[in-house]
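*Asks:* got a sequence here, can you model it:
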Amino acid sequence: MSDEQRFLDRLAERNAQRGNEPTWVAARRQAGAARFEALGFPHRRVEDWKYTNVRDIARTDFTLAGDAEFSPATAAALTLPVDAHRLTFVDGVFAPALSALGDLPEGVQVLPLSQALADNHEAVGGPLGRLTGVDFSAFAALNTAFMEEGAVVRLAPRTVVDKPIVLQFLSRSGEHQVMSHPRILVEAASSSQATLIEHHVGEAEAANFTNLVEEVILDRGAILTHYKLQEAPIKDSHIASIHVEQARDSRYLSFNLNLGGGLVRNDLVTELNGEGAEAVFNGLFYGQGRQHVDNHTWANHNAPRTFSHENYKGILDDRAHGVFNGKVVVKRDSQQIEADQSNANLLLSDRAEIDTKPELEIYADDVKCAHGATTGQLDEEAVFALRTRGIDEQTARGLLTLAFAGEVMDLVDLDAVSERVELAVAGKLPERFNLAGLVETASALNEE
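*Replies:* A predicted model of the protein is given here:
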């Protein structure tokens, strides 16, 4: 039996359990399955997967979760302490007992995909799959084949959501390794504004597979701040495809923060389709042990006077492996665009490895574009300078590492998110230290 057939057999078992569903859903499942079978799992001879081996995913006999049982105390300990509207999923299954939507403002819908399909499947059928079709990748096709749960977020014109919207995905340890294929659809109408926090976390011993597809549609003047905080257990595998469509004067602000997972791949694509549209990609990936984190980004400037700014930081320790491939494409006649891209990496071990490839593909002549990549290690003189101020070596190294991440983290407006990143990157710092002041000192010392 081929690796692909094992997954298709699981799909056949699931399909046999389903009740009646809209014809278009069944047709898309069939198309996803057929495309996945044709493509097969990507291998390292495929250029976009040259540095990422998904063999362990392909060869694991994953099951599908049948319930959303999860210890409320454990869930509470893992949940970000933010005042928010929250949907929670356990191994891809909606968990109403762990969700807390509260009183949503008028003009805001936040609901599980299963409910959206049951309430009005025709309203979902149009946008779902329009940006990320089955041809995007084998994993996108596999997600489409299994598509049944996830989240739908809709904002009416001129709606401003004061509290963040949290989509929490919990990974559970158990007798069987499970897979989930969540689908997220965000539709922000003209001049609407919201903050979306997508949080992946789980029990320490979980060893599951999440295969996410997310589509974000921003109408004219819409603004979305999107935090993707990935703290999956170290044995989990996490594959994500995020596709954004931006109309005139829209703004998409992304914080892609990767701290967990044994094998992680993020594909982030934005289509800048209207003048004045702006995309800001901020990324931080931290790897230790034998973690593998792969980030691929695309900013497609399809209209003139569009703007993209990208800053990704990688921190790798032990035998961790990082991959960054950022691509900016300026289409013909997309004049007067501005695009800049930066990837800086810090290796904390001689055995850590980074493969980085920033790219520009330009078919217009009146543009401002720049890109660059750097890789280095901690400045031992700066470590020594901090130690002369009474700081032990471990704390000094943690502070300098945190200072390296500061260019991205200074833009994070949510303390709960910042604290998770600081704890992962620098460890538990003594409370007697003024963290902000020490990081500033460490940054200054690094520049001397």
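*Asks:* please count neighbours and contacts with C-alpha atoms only from this point.
*Replies:* OK.
*Asks:* gap between residue 261 and residue 34?
*Replies:* Distance of residue 261 to residue 34, given as C-alpha to C-alpha, to the nearest Å: 29 Å.
*Asks:* of those two, who's got more company?
*Replies:* residue 261 (26 against 17; other C-alpha atoms under 10 Å).
*Asks:* you'd agree that one is in a strand?
*Replies:* No: Residue 261 sits outside any strand when classified using DSSP: H, G, I helix; E, B strand; the rest coil, being coil.
*Asks:* so it sits against residue 238, correct?
*Replies:* Yes: under the criterion of C-alpha atoms under 8 Å, residue 261 makes contact with residue 238 at 6.5 Å.
*Asks:* residue 296: helix or strand, and which one exactly?
*Replies:* strand 292-301 (DSSP states H and E).
*Asks:* show me this protein divided up by domain.
*Replies:* 3-273, 379-448 (automatic domain parsing).
*Asks:* list of residues touching stretch 163-172?
*Replies:* Stretch 163-172 is contacted by residues 70, 75, 79, 83-92, 151, 194-203, 206, 208, 232-233 when judged by C-alpha atoms under 8 Å, 6 or more residues apart in numbering.
*Asks:* do stretch 29-46 as well
*Replies:* 4-5, 8, 49-55, 58, 134-135, 137-147.
*Asks:* what do you get if the cut-off is 10 Å, keeping everything else the same?
*Replies:* 2-5, 7-8, 11-12, 15, 24-28, 48-55, 57-58, 133-148 (C-alpha atoms under 10 Å, 6 or more residues apart in numbering).
*Asks:* ok, stretch 406-416 next?
*Replies:* Against stretch 406-416 from outside (C-alpha under 10 Å, 6+ apart): 79-82, 164, 227, 255, 257, 281-284, 311-313, 400, 402-403, 417-418, 421-422, 439-440, 443.
*Asks:* and those, which of them are buried?
*Replies:* Among the contacts of stretch 406-416, the ones that count as buried by 16 or more other C-alpha atoms under 10 Å are 79-80, 164, 227, 255, 257, 281-284, 311-313, 400, 402-403, 417, 421-422, 439, 443.
*Asks:* distance of residue 180 relative to residue 150?
*Replies:* Residue 180 is 10 Å from residue 150, by C-alpha to C-alpha.
*Asks:* show me what contacts residue 233?
*Replies:* 170-173, 200-208, 259-262.
*Asks:* which ChimeraX command selects the buried ones in the residues you listed?
*Replies:* Selection of the buried residues among these in ChimeraX, burial being defined by 16+ other C-alpha under 10 Å:
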select :170,171,172,173,200,201,202,203,206,207,208,259,260,261,262
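*Asks:* in strands, which of the contacts of residue 233 fall?
*Replies:* Filtering these for membership in strands, criterion DSSP state E, returns 170-171, 200-202.
*Asks:* tell me the one among these nearest to residue 155.
*Replies:* Taking C-alpha to C-alpha as the measure, residue 155 lies nearest residue 200 of those, at 23.2 Å.
*Asks:* beta partners of that closest one?
*Replies:* residue 169, residue 230 (DSSP bridges).
*Asks:* quick one: it from residue 209, how far?
*Replies:* 12 Å.
*Asks:* residue 65: how many residues sit nearby?
*Replies:* Neighbour count for residue 65, taken as other C-alpha under 10 Å: 17.
*Asks:* can you name the residues that contact it?
*Replies:* Taking C-alpha under 10 Å, 6+ apart, one finds 90-93, 172, 176-180 in contact with residue 65.
*Asks:* 7 Å - rerun?
*Replies:* Contacts for residue 65 were tallied using C-alpha atoms under 7 Å, 6 or more residues apart in numbering; they are 91, 178.
*Asks:* about what we covered before: which one of the ones in strands among the contacts of residue 233 sits closest to residue 215?
*Replies:* residue 200 (17.2 Å).
*Asks:* pretty sure that closest one is touching residue 231, no?
*Replies:* Yes: at 5.6 Å, residue 200 and residue 231 qualify as touching, with contact defined as C-alpha atoms under 7 Å.
*Asks:* so, low pLDDT: which residues of the protein?
*Replies:* By pLDDT under 70, the low-scoring segments of the chain are 428-448.
*Asks:* now do the helices in it.
*Replies:* 3-17, 23-39, 55-59, 72-78, 113-125, 138-146, 380-387, 393-409, 415-426, 435-447 (DSSP state H).
*Asks:* include distance to residue 244 when you put those helices into TSV, please.
*Replies:* Listed next are the helices of the chain as TSV, based on distance: least, C-alpha to C-alpha, whole Å:
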stretch	distance to residue 244
helix 3-17	28
helix 23-39	20
helix 55-59	26
helix 72-78	28
helix 113-125	17
helix 138-146	15
helix 380-387	41
helix 393-409	21
helix 415-426	23
helix 435-447	34
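*Asks:* pick the most buried one from those.
*Replies:* Neighbour counts (mean count of other C-alpha atoms under 10 Å) averaged over each of the helices of the chain peak at helix 138-146, with a mean of 26.
*Asks:* ok, the nearest residue to residue 201 once chain neighbours are set aside - contacts?
*Replies:* With C-alpha to C-alpha, 6 or more residues apart in numbering as the criterion, residue 201 has its nearest non-adjacent residue at 4.3 Å, and that residue is residue 232. Residue 232 makes contact with 200-202, 260-261, according to C-alpha under 7 Å, 6+ apart.
*Asks:* just residue 322 next, same as before
*Replies:* Applying C-alpha under 7 Å, 6+ apart, the residues contacting residue 322 are 292-294, 353-355.
*Asks:* distance to residue 98 and neighbour count added to these, as a markdown table?
*Replies:* Shown next, in a markdown table, are those (distance: C-alpha to C-alpha, whole Å; neighbours: other C-alpha atoms under 10 Å):
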| residue | distance to residue 98 | neighbour count |
| --- | --- | --- |
| 292 | 30 | 27 |
| 293 | 29 | 27 |
| 294 | 31 | 23 |
| 353 | 39 | 21 |
| 354 | 38 | 21 |
| 355 | 39 | 13 |
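*Asks:* nearest to residue 242 among these?
*Replies:* Among those, residue 294 lies closest to residue 242 (C-alpha to C-alpha), at 13.8 Å.
*Asks:* distance of the closest one relative to residue 144?
*Replies:* 22 Å.
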